[in-house]
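A.B. asks: Okay, predicted coordinates and the sequence, questions at the end:
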There are 2 protein chains.
Amino acid sequence: MNIFIVYYHPEPKSFNGALRDTAVTTLESQGYTVRVSDLHAQDFSPISGRHNFTTVQNENYFKQQLEEIHATESGGFSEGIETELKNLEWCDLMIWQFPLWWFGLPAPLKGWVDRVFAMGRTYGNGKFYQDGVFKGKRAMLSLTTGGPEAAYLPDGFNGDIMGILRPIHRGMLAFVGFDVLPPHIAYGPAHLDDSERTQLLADYEQRLLKLETEQSLTIGTY
Amino acid sequence: MNIFIVYYHPEPKSFNGALRDTAVTTLESQGYTVRVSDLHAQDFSPISGRHNFTTVQNENYFKQQLEEIHATESGGFSEGIETELKNLEWCDLMIWQFPLWWFGLPAPLKGWVDRVFAMGRTYGNGKFYQDGVFKGKRAMLSLTTGGPEAAYLPDGFNGDIMGILRPIHRGMLAFVGFDVLPPHIAYGPAHLDDSERTQLLADYEQRLLKLETEQSLTIGTY
């Protein structure tokens, strides 16, 4: 199994970094091949623009999707975007490792989606959702939160975590064809002590060991 | 009334740009004072980091919220962040003008939130939601979509638009205390002809003329 981890956290010593390391070690120990895009270390720009491309479809008006279709047809993605596209196409399973910021992806990871999920190459022309380009591949969010689990229950302080993640699960991952696995959520690690955090890493390891046979969520339930 | 528009689109001639111009012209004609942050024109970086601050709370480990609290106490925000914070504090009504990308904010606007909504200054210490720092102020999303309205109905291709916007409405705007107005949505302007787009701008103008007395959404319904 080929596994592609897209990781973002601005502090390399963060708990998100430890979760990423746990994933790499555990998955490689199972004989899987793992690639990691570390958006902070790569200084990956979240800003879309003409620099996504080596080609130009319309020099007078920048319409990103038309530039993406043109680049798809003419091999015109910039080197950095092409590398990420090849990773997407290579993997059987994709994991996004990130801290939940403002009920969403940190901007660097959102910008990775804005730039890499290119029309023509990753969706479009009838290829969406169940007929998506990445049909047959699976994806999983692995995230940390600031608050405790109780805050993310349907009647909690922030409301149901599945509703919060829905635009990511459905609008990004399922939209381009991925089957979505249940998210792996480490609640409030900043408020835990070292032994509790170590336990969370052990829990993640156990989850990862069962990935091969894990069932994806049913469309319509996320 | 002081109105703060945060605007992002990578193409200055875009329909989002026309919506922004309509807002500025219409609102100023009513005697309101309008400020605009144009994130593309300002080349605003979406990436959070130590450059958000002139002060340092912990040089060995970057924990953004702790740096934010320290900067709040010591006047330590960088000039660019301080300007945006002052606009937030100045306004009575905030409008975000953006294209919906991947069921969410474009990364430059998400990064503006990640960097500007700083702990200590904009939330925390019991100040959240109904007791939020910006209690009494109102906010409205003004957005464009790629698809038609039918795609964003509860049983549509993409599902209910209010569910898609919920993490923004609740997790960003309401979280820091804003009362949330119903969103203003221009569906699929790229697929319309000029006269239809002109009509959408006229519709927006009419909406804007009634903003002063418009009711905000009821908490729990968004």
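C.D. replies: Great, that's in hand. What you see is a predicted model, and the numbers here were worked out from it, not measured in a lab.

A.B. asks: Just the CA trace of whichever strand or helix holds A:E68, in CSV.
C.D. replies: Remark: A:E68 resides in helix A:64-74, with elements defined by DSSP states H and E. Taking only C-alpha atoms (Å, rounded to 0.1, in the frame of the first residue of the first chain), the coordinates of helix A:64-74 have been written out as CSV:
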residue,chain,number,x,y,z
GLN,A,64,-7.7,29.5,-12.4
GLN,A,65,-9.9,26.6,-13.6
LEU,A,66,-9.3,27.4,-17.3
GLU,A,67,-5.6,27.6,-16.6
GLU,A,68,-5.8,24.3,-14.9
ILE,A,69,-7.5,22.6,-17.8
HIS,A,70,-5.0,24.0,-20.2
ALA,A,71,-2.1,22.9,-18.0
THR,A,72,-3.6,19.4,-17.8
GLU,A,73,-3.7,19.2,-21.5
SER,A,74,-0.3,20.6,-22.1
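
A.B. asks: quick one: the helices in chain A?
C.D. replies: Ranges of helices in chain A, per DSSP state H, are A:15-29, A:64-74, A:79-90, A:107-116, A:161-168, A:194-209.

A.B. asks: Just say which of those helices is most tucked in.
C.D. replies: Mean neighbour counts were compared across the helices of chain A using mean count of other CB atoms under 10 Å in any protein chain shown; the top stretch is helix A:107-116, at a mean of 26. C-beta coordinates here come from the backbone N, C-alpha and C atoms, glycine included.

A.B. asks: What helices and strands are in contact with it?
C.D. replies: Using 3 or more CB pairs under 8 Å, 6 or more residues apart in numbering or on different chains; DSSP states H and E as the contact test, the elements touching helix A:107-116 are helix A:79-90, helix B:107-116.

A.B. asks: Pull the contacting residues for A:L109.
C.D. replies: Neighbouring residues of A:L109 by CB atoms under 8 Å, 6 or more residues apart in numbering or on different chains: A:V6, A:Y8, A:L39, A:P46, A:W96, A:F98.

A.B. asks: Can you select the buried ones among those residues for me in ChimeraX?
C.D. replies: Applying 16 or more other CB atoms under 10 Å in any protein chain shown to those leaves a buried subset, and the ChimeraX line that selects it is:
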select /A:6,8,39,46,96,98
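
A.B. asks: Out of the contacts of A:L109, which are close to chain B?
C.D. replies: Near chain B, judged by CB under 8 Å from any CB of the partner chain, the entries from the contacts of A:L109 are A:P46.

A.B. asks: Tell me which residue of chain A is positioned farthest from its centroid.
C.D. replies: No residue in chain A sits farther from the centre than A:N60, which is 32.9 Å out by CA atoms, centre = their mean.

A.B. asks: Just the pLDDT at that one, thanks.
C.D. replies: Note for A:N60: predicted pLDDT of 97.

A.B. asks: bridging residues for the residue nearest the centre of chain A?
C.D. replies: Averaging the C-alpha coordinates of chain A gives a centre point, and the residue nearest to it by CA atoms, centre = their mean is A:W96 (3.3 Å). On the basis of DSSP bridges, A:W96 takes part in beta bridges with A:V6, A:L141.

A.B. asks: That one and B:M94, how far apart?
C.D. replies: According to CB to CB, to the nearest Å, A:W96 and B:M94 sit 29 Å apart.

A.B. asks: now A:L209
C.D. replies: With CB to CB as the criterion, A:L209 and B:M94 are 47 Å apart.

A.B. asks: now do A:Q30
C.D. replies: Between A:Q30 and B:M94 the distance, using CB to CB, works out to 49 Å.

A.B. asks: circling back: OK, contacts around the residue nearest to the centre of chain A?
C.D. replies: Contact analysis of A:W96 by CB under 8 Å, 6+ apart lists A:I5, A:V6, A:Y7, A:L105, A:L109, A:A139, A:M140, A:L141, A:S142, A:L143.

A.B. asks: As CSV, those with pLDDT would be great.
C.D. replies: Shown next, in CSV, are those (pLDDT from 0 to 100):
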residue, pLDDT
A:I5, 98
A:V6, 99
A:Y7, 98
A:L105, 98
A:L109, 98
A:A139, 98
A:M140, 98
A:L141, 98
A:S142, 98
A:L143, 98
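
A.B. asks: mind checking how far A:H191 is from A:T144?
C.D. replies: A:H191 sits at a distance of 11 Å from A:T144 (criterion: CB to CB).

A.B. asks: Look at the two and report which has more neighbours.
C.D. replies: Shown here are A:H191 and A:T144; by other CB atoms under 10 Å in any protein chain shown, A:T144 has more neighbours (21 against 10).

A.B. asks: Alongside chain B, which residues does chain A contribute?
C.D. replies: Residues of chain A lying close to chain B by CB under 8 Å from any CB are A:10-11, A:13, A:46-49, A:61-65, A:101-108, A:110-111, A:113-114, A:117, A:128, A:146, A:157-159, A:163-164, A:166-168, A:170-172, A:175, A:190.

A.B. asks: For A:A107, give me its contacts.
C.D. replies: Residues in contact with A:A107 (CB under 8 Å, 6+ apart) are A:P46, A:W101, B:P46, B:I47, B:S48, B:A107, B:P108, B:K110, B:G111, B:V113, B:D114.
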